[in-house]
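> quick one, structure for this:
(one chain, ligands or ions: 2)
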Amino acid sequence: MPGKLSDVPRWEYPPTSNKEFDYANLETLDLSTVTGDEYDVVPEEVVKKIGDALARDGFIYATNHGLSSEQIQRQFSIAQLAFDGVSEEDKARYRAKILETGDFTGYKPRGHWKLKGVRDQIEHFSLQSHAFGNREEVFPPALLPLVDEIEAFNRYNHDHIFRKILSVLSLVLKLPPNYLWNLASKEDERFDLFRYALYHPPSPDEDAKTDGVRLQGHTDFNAVSLLYSQPIVSLQVLMPDNVWRYVRHVPDALVINLGDAMHFISGGYLKPTIHRVVSPPDPDQVPYRRLGVFYFAQFNRTTRLAPIADSPVVRSTGKTFFDDGRKSPTAWEWECSRVKAYGQDGQKKVIDGGHEEEEMIGGEKVVHYN
Ligand SMILES: O=C(O)CCC(=O)C(=O)O
Ligand SMILES: [Fe+2]
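Numbering: from 1, shown residues only. Ligands and ions are numbered 1, 2, ... in the order given. Model (predicted):
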């Protein structure tokens, strides 16, 4: 691997909580069960178990993804460097043009979003696939020696992990195993989003104003999200019984969820589960900064987010979106419009006594949960 290992200070994971909380009971996809040269062989019981879990909970764990503990910890170390080893001037210089372009590439400073008038305490350094072709413009000098390594990690997430998951999902929808991969593997249309995130602990006053919510409840915009499990208990999912439950840390596992794009294309069969980030319920973890490594995988830019008519499972839902499919956006159009609108306190209608807010984007209703 390129990049000088010794130059990157090692990230020491915060201590794992040994307390019990109301954890979500999530299924696990063992990725080593997906085999064949084109990852087209998946045992039937795996398709059944994961299909049921993703239609019901929308969240699963994935294990045996082929990355070592060392390789994963290395990504957290690079994440730490991206925030602690880059000056505030450089973060401003390499700032993401989120509102201008709907593209997260670059640094998102704290306070870009607002929740109940309180500025968020989350820093991001995000890379859309095109970033690797524009290195000098996107990466601050401190990270330039690591670009090949970061790119190789991105490739692995796309070509192996995402691909295997798409094989499973194709079979869930009773399509040929490579069907969804064909909608996501056009090299010049890739726009996956890779992200290092740093959650700073807010002040007690800020936490009180937001009821401890640090990232508002949302669905993801993309197809499949891969979150590298980390020790701070903080991520909650809204489970089918309408109860927020914590996601338990599973060392070296991936926490996987589906986004809007997969929901639309599956005629609503696959669930884009609402999730949020709250203050850690374990007081021992509260003072720690929380680092995240996320890979938001997407379909090709021009993939139209209309229900796949070839799938009997999709057809059986009878569901359509976007004016009965007449105005289905492409994956790119949908993502850009949602990225621009997110967290800007835009045209929202408050419902359910303030617990929910609705916003119309591209003619579809998007609900934010407080
Ligand atoms: O911080 C997390 O665990 C999840 C973040 C998340 O949901 C997102 O960035 O979309
Ligand atoms: Fe998310």
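
> just the buried positions in stretch 134-145, please.
By 16 or more other Cβ atoms under 10 Å, the buried positions in stretch 134-145 come out as V138, F139, P140, L143. C-betas here are computed from N, CA, C, even on glycine.

> gap between Q75 and L173?
In this view, Q75 and L173 are 31 Å apart by Cβ to Cβ, to the nearest Å.

> any idea how far the closest residue to ligand 1 within the chain lies from S68?
Per Cβ to the nearest ligand atom, L235 is where the chain lies closest to ligand 1, at 3.9 Å. Note on L235: its distance to S68, by Cβ to Cβ, is 23 Å.

> go on, H218?
Distance from H218 to S68, by Cβ to Cβ: 31 Å.

> just D40 next, same as before
Distance from D40 to S68, by Cβ to Cβ: 26 Å.

> more neighbours: those two, which one.
D40 (17 against 9; other Cβ atoms under 10 Å).

> tell me which element the closest residue in space to the more buried one that isn't next to it in sequence falls in.
If the residues on either side of it in the chain are set aside, D40 comes closest to P177, at 3.9 Å by Cβ to Cβ, 6 or more residues apart in numbering. Counting by DSSP states H and E, there is no helix or strand that carries P177.

> count of residues packed around P177?
20.

> what does L215 give?
The number of residues packed around L215, counting by other Cβ under 10 Å, is 20.

> host element of the closest residue in space to it that isn't next to it in sequence?
Leaving aside its chain neighbours, L215 sits nearest to V277 (3.8 Å; criterion: Cβ to Cβ, 6+ apart). Element membership of V277, judged by DSSP H and E, is strand 275-278.

> how about the residues of the chain near ligand 1?
L215, D220, L227, L235, H275, V277, G292, F294 (Cβ under 6 Å from any ligand atom).

> quick revisit: who has more neighbours, Q75 and L173?
The neighbour comparison of Q75 against L173 (other Cβ under 10 Å) goes to L173, with 23 against 20.

> name the nearest residue to that one, sequence neighbours excluded.
S311 (4.2 Å).

> show me the contacts for that neighbour.
Contacts for S311 (Cβ atoms under 8 Å, 6 or more residues apart in numbering) come out as L173, K174, L175, S266, G267.

> who wins on neighbours among the residues you listed?
The most crowded member of these, judged by other Cβ under 10 Å, is S266 (25 neighbours).

> hang on, that residue packs against P307?
Yes: with contacts counted by Cβ atoms under 8 Å, S266 reaches P307, the gap being 7.1 Å.

> shared neighbours, those two?
Common neighbours of S266 and P307 (criterion: Cβ under 8 Å, 6+ apart): V314, T317.

> count of residues packed around R119?
R119: 14 neighbours (other Cβ under 10 Å).

> same question, the one 10 residues further on
Residues within reach of S129, counting by other Cβ under 10 Å, total 21.

> what's the pLDDT at it?
We have a pLDDT of 92 for S129.

> who are the contact partners of the nearest residue in space to T63 that is not next to it in sequence?
Excluding the flanking residues, the one nearest T63 by Cβ to Cβ, 6+ apart is A253, at 5.1 Å. Contacts were defined as Cβ under 8 Å, 6+ apart; by that measure A253 touches T28, Y61, A62, T63, S229.

> try it again at 10 Å.
Applying Cβ atoms under 10 Å, 6 or more residues apart in numbering, we find A253 in contact with 26, 28-29, 60-65, 72, 227-229.

> again with D57
When contacts are taken as Cβ under 10 Å, 6+ apart, D57 is in contact with 24-27, 237-240, 245, 257-258, 271, 273.

> by neighbour count, sort out the buried ones in those residues.
A24, L26, V237, L238, M239, R245, N257, L258, K271, T273.

> model confidence score at the residue nearest to T63, please.
Note on A253: pLDDT of 98.

> what of G318?
86.

> how close does it get to P240?
According to Cβ to Cβ, G318 and P240 sit 20 Å apart.

> how about P15?
Using Cβ to Cβ, P15 is found at 32 Å from P240.

> likewise for K271?
In this view, K271 and P240 are 9 Å apart by Cβ to Cβ.

> now for those two: what residues contact both?
Joint contacts of K271 and P240 (Cβ under 10 Å, 6+ apart) are A55, R56, D57, G58.

> thinking again about what came up before, output the buried residues of stretch 134-145 as TSV; include the columns distance to P201 and secondary structure.
Shown next, in TSV, are those (distance: Cβ to Cβ, whole Å; DSSP: H, G, I helix; E, B strand; the rest coil):
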residue	distance to P201	secondary structure
V138	29	helix
F139	28	coil
P140	25	coil
L143	25	coil
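
> identify the residues contacting A62.
A62 makes contact with 27-31, 50, 161, 164-165, 168, 226, 229, 250, 253-256 under the criterion Cβ under 10 Å, 6+ apart.

> in helices, which of the residues you listed fall?
I50, K164, I165, V168 (DSSP state H).

> correct me if wrong: the last one contacts L29.
Yes: the pair formed by V168 and L29 meets the contact definition of Cβ atoms under 10 Å, at 6.8 Å.

> what do the two both touch?
Shared contacts of V168 and L29 (Cβ under 10 Å, 6+ apart): V42, V46, K49, I50, L54, I60, A62.

> go ahead and confirm the second one touches L171.
Pointing back at V46 there. Yes: in this structure, V46 is within contact of L171 by Cβ under 10 Å, at 8.8 Å.

> ok, K116 touching V213?
Yes: if you go by Cβ under 10 Å, K116 and V213 touch, sitting 8.4 Å apart.

> neighbour count for these two, which is higher?
V213 (19 against 13).

> and that one, its phi and psi?
Backbone torsions for V213, taken as degrees, to the nearest 10, come to phi -80, psi 120.
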